[in-house]
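Undergrad: Sharing a model prediction with you, sequence too.
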Amino acid sequence: MPASTSRLPAQPDERLIYARTADGHDEAARPRRTLAQAARRILVLVDGQRRVGDLSAFARPGEIGPVLAELESQHLIEVCGLADEPTESERRQRAQAEQALLNAAKRMLRGLFAAELGTAGHVWEARVADSVRMEVLRRVLREAVDVVHERNGEAAARRVLAAVRPVFEQARDAAAAARPPRA
């Protein structure tokens, strides 16, 4: 198993697999420490199976390295394995699955922002349509929900979130199904 380090690069090896320590399990079950929201979210997701590449989907760009370093420095997580490198065939299958999921998400969201924001929603509809990866779509949707909340209030933002949530759940489930085996 790889040795644990508390000085992770900004983007650690996506194949690394982390597990919670005993303290990490306690903290996830009964929060007592002052952790940043992103660190708490990642701590809950660390399960000894997910790769860093899987966890990155639940963090903002550039955030996963510092979050993992914080959790590791507090002895809440530790490296427990390294996933196999995916084969070219697996990479292609994963890319095709992500593209299919992205296209389905775009269809599911079509008209949502125009309905909530009127003419101004067409800009968000175009940004959704222009998203080339699920990660890009995720960022666009976060921004769009904030705009809906600011312009139309919490009830409108909750309606949008209710429509957007299945997109994130499908992406999470698809990522879990495509997870390569541990080494």
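TA: Looks like it came in fine.

Undergrad: State the distance from residue 24 to residue 15.
TA: Separation of residue 24 from residue 15 (CB to CB, to the nearest Å): 20 Å. Just so you know, the C-beta spots here come from the backbone N, C-alpha and C atoms, and that holds for glycine as well.

Undergrad: Run through the protein and note the low-pLDDT ranges.
TA: Residues of the chain meeting the criterion pLDDT under 70: 1-10, 172, 174-183.

Undergrad: quick one: the helices in it?
TA: Taking DSSP state H, the helices of the chain run over residues 22-29, 37-45, 52-55, 64-73, 88-109, 112-117, 121-130, 134-152, 154-177.

Undergrad: Identify, out of those helices, the most deeply packed stretch.
TA: Among the helices of the chain, ranked by average contacts under mean count of other CB atoms under 10 Å, first place goes to helix 52-55 (a mean of 22).

Undergrad: For it, output the C-alpha coordinates as PDB.
TA: This file holds the C-alpha atoms of helix 52-55, laid out as PDB (Å, rounded to 0.1, in the frame of the first residue of the first chain):
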ATOM      1  CA  VAL A  52      -9.600  10.400  -5.700                       C
ATOM      2  CA  GLY A  53     -10.900  10.700  -9.300                       C
ATOM      3  CA  ASP A  54     -14.400   9.800  -8.000                       C
ATOM      4  CA  LEU A  55     -14.200  12.200  -5.100                       C
END
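
Undergrad: Can you name every helix or strand that that helix contacts?
TA: Packing contacts for helix 52-55, counted by 3 or more CB pairs under 8 Å, 6 or more residues apart in numbering; DSSP states H and E, involve strand 16-20, helix 64-73.

Undergrad: I'd like the distance from stretch 151-165 to the chain centre, please.
TA: Its chain's C-alpha centre and that of stretch 151-165 lie 20 Å apart, by CA atoms, centre = their mean, to the nearest Å.
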